[in-house]
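Enquirer: give the three-dimensional model of this entry:
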Amino acid sequence: MTKVSQLTTLLLFAATAAVVAQKPTHMSASTSHVKGAAPATKGAETRGAESATHLKSFRGIAAKLNTTPEALQTAYEQAKATNPKLTRGQFIAANMLGQNLSDKGITTDKILAGLASGKSMGKTLQSLGLSDKEAKQAESKANRDVKEANKAADKAGT
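Expert: Numbers count the residues shown, from 1 in each chain. Predicted coordinates for the structure are as follows:
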């Protein structure tokens, strides 16, 4: 990863941490329902369990991206506010692709912007300068990396 990419990533996570620090503590566990908000009739225990499940889905990839599940959850919520159609899978793929393609000047933010504009992941990567073949290879590698990260997290019992 280049120094500029590392700096960009650190700044992104520093900003995320600042946002997290500003949120009231009692809300952080129950406000992660950006997609498919739970009905008001569900109790706090259910919301807490859902939040824990969401954080767990970020554990493997968080380690691979050198961050925390909480930072990824917060970043996902922010990205989801910009693009309500964004899925967790797309968000995770965008982060993995951003890390893998940083040497080509392709960042997570650029990928998320492409997705927000209505483009597919492949079309977004092509608009950022990759050929169709390179985009498919990059997506395949990112998918493998995510699977490996999740397997490693499962094996470690996290």
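Enquirer: going by C-alpha atoms from here, please, whenever you check contacts or count neighbours.
Expert: Fine.
Enquirer: let me know the secondary structure of residue 129.
Expert: Under DSSP: H, G, I helix; E, B strand; the rest coil, the three-state class of residue 129 is coil.
Enquirer: residues contacting it?
Expert: Residues near residue 129 by CA atoms under 8 Å, 6 or more residues apart in numbering: none.
Enquirer: now it: phi and psi?
Expert: With angles defined as degrees, to the nearest 10, residue 129 sits at phi 110, psi 0.
Enquirer: any idea how far it lies from residue 78?
Expert: When CA to CA, to the nearest Å is the yardstick, residue 129 and residue 78 sit 26 Å from each other.
Enquirer: now do the SS call for residue 66.
Expert: coil.
Enquirer: roughly how far does it sit from residue 72?
Expert: 10 Å.
Enquirer: who has more neighbours, those two?
Expert: When residue 66 and residue 72 are compared for neighbours, residue 72 comes out ahead with 22 against 10, by other CA atoms under 10 Å.
Enquirer: which other helices and strands contact the strand or helix carrying that one?
Expert: Following DSSP states H and E, one finds residue 72 within helix 69-82. Helix 69-82 sits against helix 3-22, helix 44-64, with contacts defined as 3 or more CA pairs under 8 Å, 6 or more residues apart in numbering; DSSP states H and E.
Enquirer: can I get the CA coordinates of it in PDB?
Expert: Below are the C-alpha coordinates for helix 69-82, written out as PDB (Å, rounded to 0.1, in the frame of the first residue of the first chain):
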ATOM      1  CA  PRO A  69     -15.500  -4.100  13.200                       C
ATOM      2  CA  GLU A  70     -16.900  -1.100  14.900                       C
ATOM      3  CA  ALA A  71     -15.100   1.300  12.500                       C
ATOM      4  CA  LEU A  72     -16.300  -0.600   9.500                       C
ATOM      5  CA  GLN A  73     -19.900  -0.700  10.900                       C
ATOM      6  CA  THR A  74     -19.800   3.100  11.300                       C
ATOM      7  CA  ALA A  75     -18.300   3.600   7.900                       C
ATOM      8  CA  TYR A  76     -21.000   1.300   6.400                       C
ATOM      9  CA  GLU A  77     -23.800   3.300   8.100                       C
ATOM     10  CA  GLN A  78     -22.300   6.500   6.700                       C
ATOM     11  CA  ALA A  79     -22.000   5.100   3.200                       C
ATOM     12  CA  LYS A  80     -25.500   3.600   3.500                       C
ATOM     13  CA  ALA A  81     -26.800   7.100   4.300                       C
ATOM     14  CA  THR A  82     -25.400   8.300   1.000                       C
END
